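Asks: Only the shape, not the letters, is given here:
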């Protein structure tokens, strides 16, 4: 099952609406103020969750009138942010692929935390993307093939999440590497480009943040 989570960061509404049409999701989850996107777009989420401290009370009330929507309300004093709770719900629903919109924006602490939360799904073998109009972000812990036709933007960046990522070999890229160890304190993997029809990110051990981006 392919699931969309819209959470409470910055959501580019026209982009998000186009993304929903393009990706064709099976299940829709609104996390806290992510309900605003659904209300603006006239789209009904399947489930709504959060402490609702940043949600519009009027929008929340209107959604509660719909008996088809499942609600989960939490106290503001909790050990997990709403995005993590939404991810947990999506995984409980047996999602095989999860996309998160609204996970980027002005709160850098939330965005960095959400990038790390992608590992929550990765550990369970679930593909999870953090997406906005300019970036598609995921974590990889095994060799990965990218295609020029299917890339999200013009640039591919590889950032070590673990202290080291060993024996990184890049083929099909403008800037290739051969069995190079990427450390946690380097910018070497930033702004590469795919030049062949397919490009391969190969490595032996570690976890990489893979960012496909466009200006």
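Replies: Looks like it came in fine. What you are looking at is a predicted structure, and each value in this text was computed from that prediction instead of being measured.

Asks: so residue 86 makes contact with residue 49?
Replies: Yes - using CB atoms under 8 Å, residue 86 is in contact with residue 49, at 6.0 Å. (Glycine included, C-beta is placed from N, CA and C.)

Asks: Overlap in contacts, the two.
Replies: Common neighbours of residue 86 and residue 49, counting by CB atoms under 8 Å, 6 or more residues apart in numbering, are 29, 31.

Asks: This protein: helices as residue ranges?
Replies: With helices called from DSSP state H, the chain shows them at 13-23, 35-41, 57-64, 82-92, 108-122.

Asks: Please say which of residue 86 and residue 49 ends up with more neighbours.
Replies: Between residue 86 and residue 49, counted using other CB atoms under 10 Å, the more crowded position is residue 86 (29 against 24).

Asks: Nearest residue to the more buried one in space, ignoring adjacent ones along the chain?
Replies: residue 31 (4.2 Å; CB to CB, 6 or more residues apart in numbering).

Asks: Run through the bridge partners of the one you found.
Replies: Counting by DSSP bridges, residue 31 is bridged to residue 49.

Asks: Count the residues that sit near it.
Replies: Count around residue 31 with other CB under 10 Å applied: 30.

Asks: who touches the residue positioned nearest the centre of the chain in this structure?
Replies: Nearest to the geometric centre of the chain sits residue 130, at 1.6 Å (CA atoms, centre = their mean). Contacts for residue 130 (CB under 8 Å, 6+ apart) come out as 100, 103, 104, 114, 115, 118, 136, 137, 138.

Asks: wait, isn't the third one in contact with residue 133?
Replies: This points to residue 104. No - with contact taken as CB under 8 Å, residue 104 and residue 133 are classed as non-touching, separated by 9.4 Å.

Asks: and those two? which has more neighbours close in?
Replies: A direct count of neighbours by other CB under 10 Å for residue 104 and residue 133 places residue 104 higher, at 24 against 15.
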